[in-house]
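Asks: can't give you the sequence, but here's the structure:
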């Protein structure tokens, strides 16, 4: 059965992209506006075993996915129409390395005036994928994050950079903050800027 074209490609005009993890602090694409946003129906969770960017199949790290239920605060990026195709291609190369995410269009509420709702490209975890970790205890999350190191660097830096980005937007994520605090106690913090792609 041929794959149907995602609605991100069928739409016209500017493209909105919803970032809830590393896209918040390292989008990697050109955008013309960045607005705090809320997505209803899915929540941010460390629910994806990382085999490439922050771990290996032998020593998986853990990265974020949008998992069903709840809500998620993040950032919506508006991409000019002329960069739509290039941005989608870039995001697919970055997010779909192992196809653990489903590329979807979701309604997000922009937290600006007049608080409008827009349709944004988002990456939601595929619960049937081998890399779907489900709901892990904080101790299991800590173990994976401490061991994880992949092509994009240490898993620990990913978690801490994401917490910093969340704080910079003026909101919190209780579980991620708790994990980051445990990682701080693990060893002194000597972070370098994440490399540009």
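Replies: Cool, got the structure. No experiment lies behind these values; they were computed from the predicted model shown. Numbering: from 1, shown residues only.

Asks: Secondary structure class of residue 30, three-state.
Replies: Secondary structure assignment for residue 30 (DSSP: H, G, I helix; E, B strand; the rest coil): coil.

Asks: Isn't it up against residue 77?
Replies: No. Here residue 30 does not reach residue 77: they are 9.3 Å apart, not a contact under Cβ atoms under 8 Å. Placement of C-beta: from N, CA and C, glycine included.

Asks: so who does residue 92 touch?
Replies: Residues in contact with residue 92 (Cβ atoms under 8 Å, 6 or more residues apart in numbering) are residue 103.

Asks: Can you report how many residues neighbour residue 149?
Replies: Residues within reach of residue 149, counting by other Cβ atoms under 10 Å, total 17.

Asks: ok, which stretches of this protein are helices?
Replies: Secondary structure of the chain (DSSP state H): helices at 7-10, 22-25, 84-95, 138-147, 155-168, 174-186.

Asks: From what I see, residue 180 and residue 159 are in contact.
Replies: Yes. Using Cβ under 8 Å, residue 180 is in contact with residue 159, at 5.7 Å.

Asks: quick one: the residue most central in space within the chain from residue 74, how far?
Replies: When the chain is reduced to its mean C-alpha position, the closest residue under Cα atoms, centre = their mean turns out to be residue 21, at 3.2 Å. For residue 21, the distance to residue 74 equals 8 Å [Cβ to Cβ, to the nearest Å].

Asks: shared neighbours of those two, anything?
Replies: Common neighbours of residue 21 and residue 74 (Cβ under 8 Å, 6+ apart) are residue 44.

Asks: Which of residue 30 and residue 77 has more residues huddled nearby?
Replies: The neighbour comparison of residue 30 against residue 77 (other Cβ under 10 Å) goes to residue 77, with 24 against 13.

Asks: what number of residues lie near residue 181?
Replies: When neighbours are counted by other Cβ under 10 Å, residue 181 registers 12.

Asks: In terms of pLDDT, where does it sit?
Replies: With respect to pLDDT, residue 181 has a value of 92.

Asks: Ok, the one 3 residues further on next?
Replies: Here the pLDDT value assigned to residue 184 is 82.

Asks: Setting aside sequence neighbours, what's the nearest residue to it?
Replies: Nearest residue to residue 184, sequence neighbours excluded (Cβ to Cβ, 6 or more residues apart in numbering): residue 160, at 7.8 Å.

Asks: Noted, bye for now.
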